[in-house]
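*Asks:* Quick one, what's the 3D model for this:
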Amino acid sequence: MHDVTQPAMTSDHGVVITVGIRVNGDRCAIVVPVATDNSTLSKKTLCDQAAQDFEAGLGDKIAACLSESAYLTYFQAVGMDDGFIPMRTDVGPLDYPGVLAAVCETSQVAALLIFYSDPDDLAAGARVKVGKTFLPGFPDELLNGDEIGSSLTIKLDLLAQAMAEGWTNAGTGGGKWYRVIAAPLKGSNGAALTRVGSWVTRGYSATQRRRLIPH
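*Replies:* Coordinates of the predicted model:
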């Protein structure tokens, strides 16, 4: 378990990022709620900046966890609150290809990153909130039974650490983007977000129902 301290953030500075991944020909996606401590971005620029910065800060780290049989296909950003202009950037197979062994696990099999809520953001006696990122597309040879090899675990740790500790916001005003626990319910404009207080990568494979996007 690894502890982290994030700044206070609100949903009017929050974005839901979707990253497309092609795995063995299947279309998959991961969804990551993020927010920034940069308060200068407008409803026109927030999602655009978020998509650009997520690609620049985490695109290569995601690809580093993938098999050669997988690659990233797009980065999409949608504001947590209403009224923000969304953004999507499509990328080709050679932009963010997987770099690990070619024989890939089925797209239903994924590595699992776990993010636990900061206790300071919870009411007294409240249950811990958990954010999960299921990452498909890793090589079969790095799975022994359901145990993930240490070489992949190191790469997953680097990705989870970057999400929790933040990556550069290149927009005017600077600051960082951070993975948060979840987007609030719609209609909660400017709501305080539950921050990540600690993170861990699981050393075993996991599955998530309804992972495949219908054709």
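*Asks:* From the contact counts, what lies against the longest helix along the chain?
*Replies:* Criterion DSSP state H: the longest helix present in the chain is helix 46-63. Applying 3 or more CB pairs under 8 Å, 6 or more residues apart in numbering; DSSP states H and E, one finds that helix 46-63 makes contact with strand 14-23, strand 26-36, strand 70-79, strand 87-90, helix 150-165, strand 167-168, strand 176-179. C-betas here are computed from N, CA, C, even on glycine.
*Asks:* And those: which comes nearest residue 203?
*Replies:* Nearest of these to residue 203, taken as CB to CB: helix 150-165 at 6.0 Å.
*Asks:* Mind listing what's buried along that closest one?
*Replies:* Judged by neighbour count (16 or more other CB atoms under 10 Å), helix 150-165 contains these buried residues: 152-153, 155-156, 159-165.
*Asks:* picking that back up, got CSV for the helices and strands packed on helix 46-63, with mean pLDDT and distance to residue 2 too?
*Replies:* Listed next are those as CSV, based on pLDDT from 0 to 100; distance: least, CB to CB, whole Å:
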stretch, mean pLDDT, distance to residue 2
strand 14-23, 96, 21
strand 26-36, 95, 18
strand 70-79, 97, 25
strand 87-90, 97, 30
helix 150-165, 95, 7
strand 167-168, 96, 16
strand 176-179, 98, 13
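*Asks:* Highest mean neighbour count out of those?
*Replies:* Mean neighbour count (mean count of other CB atoms under 10 Å) peaks for strand 176-179 among the helices and strands packed on helix 46-63, with a mean of 25.
*Asks:* which other helices and strands contact that strand?
*Replies:* Contacts defined by 3+ CB pairs under 8 Å, 6+ apart place strand 176-179 against strand 26-36, helix 46-63, helix 150-165, strand 167-168.
*Asks:* got the end-to-end distance for stretch 81-93?
*Replies:* 32 Å (CA to CA, to the nearest Å).
*Asks:* Stretch 75-85 now?
*Replies:* Terminal residues of stretch 75-85 lie 15 Å apart, using CA to CA.
*Asks:* Can you pull out the residues in contact with that stretch?
*Replies:* 11-12, 14-20, 33, 35, 43-44, 46-48, 50-51, 54-55, 59, 86-89, 91, 183-184, 186, 188-190 (CB atoms under 8 Å, 6 or more residues apart in numbering).
*Asks:* The residue positioned nearest the centre of the chain pairs with what?
*Replies:* For the chain, the residue nearest the mean C-alpha position is residue 32 (3.8 Å; CA atoms, centre = their mean). Note on residue 32: beta-bridge partners by DSSP bridges are residue 17.
*Asks:* That one: what's it in contact with?
*Replies:* By CB under 8 Å, 6+ apart, the contact set of residue 32 is 16-19, 54, 133, 163, 179.
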